[in-house]
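Peer 1: Sequence and predicted structure are below.
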Amino acid sequence: MPLSLLQELIKRPSITPQECGIYEIILNKLNSLIQKEHIDTFIIEQEKEGVKNLFYLIAPKGADKSNLHHFCFAGHIDVVPTGEGWEFEPFCGTQDEKYIYGRGTQDMKGGISAFICAVCNILESHNTSSLPIMLSILLTSDEEGEGIYGTKFMLEELKKRDLLPHSCIVAEPTSINHTGDMLKIGRRGSINGTLIIEGKQGHVAYPQKCINPIELLGSKLGALAGIELDNGDSHFAPSKLVITDIRSGMEVVNVTPQNLKIMFNVRNSPLSNEDSIRSYITSILGSLPYELTLKTNSLPFITADDSEIVKSLCAIIERTLGITPQLSTSGGTSDARFFASYGVNVVEIGVPNDRIHAINERVSISDILALHDIFVEFLQLFIKNAKIENLK
């Protein structure tokens, strides 16, 4: 079932922020399985600045929702542009014996297809009259873009309505070689910086009348470029200052520059922040005339490796696939950070990411089926544990 749904979603060219009717496909699939005598559903379809979001909540009918654990699957239906040189049409969902090809197969319509079908499996096979949890799905059409009106915007709305989940799986393609070999239980933060060294422009033949900012910085650059700002910890690599751009002067050989501008990024562990970065740069530059601007784009977060969601996923993967997943915080930022900012226990798990954003993006059929089975078992275990908890 997840394979046919994936092919259907791939045929919708939902380049950010286009939605292309995908939500209608998903809503029809879910609504067809809802037993209205046992289940309440609550749906939010939100649109802002061309971005479309969908929130679909399933809850036991008439239950006191304040006493129920709320679990959410989340993802993005938007994809990046395709580029040229594809062997197969990128929006056809071509399938052979091993793979399904198309833009978004890995990032991340494969993951979405797996969890939508897992939810459908629960609705079909479980006695929904005794459902002991609230189960929701949150989708956005703007993760690959600015993300201003995507998941972050929807979570703000859920908070206003007291509908924030307690735990969440984001089906980002986190795996390396096979589905389940890596879980992202956190992410590093991201801080952008701009450093301007002030000088005094002048004729190159009269350096005594100039203040050359390049010369001012020269001996100190090695203490900034690529420097590790902390030692990291058991979950996070050391925070590192990475220079992304240096520019100065007017591309002439007879005028010294007025200033020198450096742009940099720090992917930071919880051990570093704007204040510590500013203090370090100040200690290096000393009395040099400079201006420093820092902006935090995302905060680092971690979901404890002994939390119920992490332990359950690890146990299922070890039992069903025979592998022990690596618990990681590597890579770039994702929408998981928005859930974490509201105190939601969030984990990312998905198919391998070796072809994301690439020409001839494709996903292994076995990886999709494995992910679907993990999600089904996770929901079954989650429901079982919730029932036991409710009996206490």
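Peer 2: Sure thing, it's come through. Numbers count the residues shown, from 1 in each chain.

Peer 1: Could you name the helices and strands sitting against the longest helix seen in the chain?
Peer 2: As assigned by DSSP state H, the longest helix anywhere in the chain is helix 365-391. Using 3 or more C-beta pairs under 8 Å, 6 or more residues apart in numbering; DSSP states H and E, the elements in contact with helix 365-391 are helix 2-10, strand 69-76, strand 99-101, helix 109-125, strand 133-140, helix 308-321. Every C-beta, even on glycine, is put in place using the N, C-alpha and C of the backbone.

Peer 1: which parts of the helix or strand of the chain with the lowest mean pLDDT are buried?
Peer 2: Taking mean pLDDT, DSSP states H and E as the measure, the chain has helix 365-391 as its least confident helix or strand, at a mean of 89. For helix 365-391, burial by neighbour count (16 or more other C-beta atoms under 10 Å) applies to 365, 367-380, 382-383, 386.

Peer 1: now swap in stretch 23-30 and tell me
Peer 2: Counting neighbours by 16+ other C-beta under 10 Å, stretch 23-30 gives 23, 25-27, 29-30 as buried.

Peer 1: likewise stretch 155-171?
Peer 2: For stretch 155-171, burial by neighbour count (16+ other C-beta under 10 Å) applies to 155, 158, 163-165, 167-171.

Peer 1: Closest to residue 353 out of these?
Peer 2: Nearest to residue 353 among the buried residues of stretch 155-171 is residue 171, at 11.8 Å by C-beta to C-beta.

Peer 1: What's the separation between the closest one and residue 316?
Peer 2: Using C-beta to C-beta, to the nearest Å, one obtains 15 Å as the distance from residue 171 to residue 316.

Peer 1: can you count the residues close to residue 324?
Peer 2: For residue 324, the number of neighbouring residues by other C-beta atoms under 10 Å comes to 11.

Peer 1: Check the buried residues of stretch 155-171 against residue 355 and report the nearest one.
Peer 2: residue 171 (16.2 Å).

Peer 1: Stretch 59-70: end-to-end distance?
Peer 2: Stretch 59-70 stretches 9 Å from its first residue to its last (C-alpha to C-alpha, to the nearest Å).

Peer 1: what comes up buried for that stretch?
Peer 2: For stretch 59-70, by 16+ other C-beta under 10 Å, it's 59-60, 68-70.

Peer 1: hang on, isn't residue 14 packed against residue 25?
Peer 2: No: look at residue 14 against residue 25 with C-beta atoms under 8 Å: they stay out of range, at 11.1 Å.

Peer 1: what's the distance between the longest helix of the chain and the middle of its chain?
Peer 2: Distance of helix 365-391 from the chain centroid (C-alpha atoms, centre = their mean, to the nearest Å) equals 22 Å.

Peer 1: cool, stretch 143-160 as well?
Peer 2: 12 Å.

Peer 1: Show residues contacting that stretch.
Peer 2: The contact list for stretch 143-160 (C-beta atoms under 8 Å, 6 or more residues apart in numbering) reads 16-17, 44, 46, 48-49, 51, 53, 55, 74, 76, 78-80, 138, 140-142, 164-165, 334-335, 338-339, 342.

Peer 1: How about stretch 99-106?
Peer 2: 3, 6-7, 9-10, 13-14, 77, 79-80, 82, 87-95, 110, 173, 350-356, 360-365, 368.

Peer 1: filter those to the buried ones?
Peer 2: Judged by 16+ other C-beta under 10 Å, buried ones among the contacts of stretch 99-106: 3, 6-7, 9-10, 14, 77, 79-80, 82, 88, 90-91, 93-95, 110, 173, 350-353, 355-356, 360-365, 368.

Peer 1: In space, what's closest to the residue minimising distance to the centre of the chain - neighbours in sequence excluded?
Peer 2: Compute the mean C-alpha point of the chain, and by C-alpha atoms, centre = their mean the closest residue is residue 334, 1.9 Å away. With sequence-adjacent residues excluded and distances taken as C-beta to C-beta, 6 or more residues apart in numbering, residue 334 is closest to residue 172, at 5.4 Å.

Peer 1: ok, now residue 266?
Peer 2: With C-beta to C-beta, 6+ apart as the criterion, residue 266 has its nearest non-adjacent residue at 4.5 Å, and that residue is residue 191.
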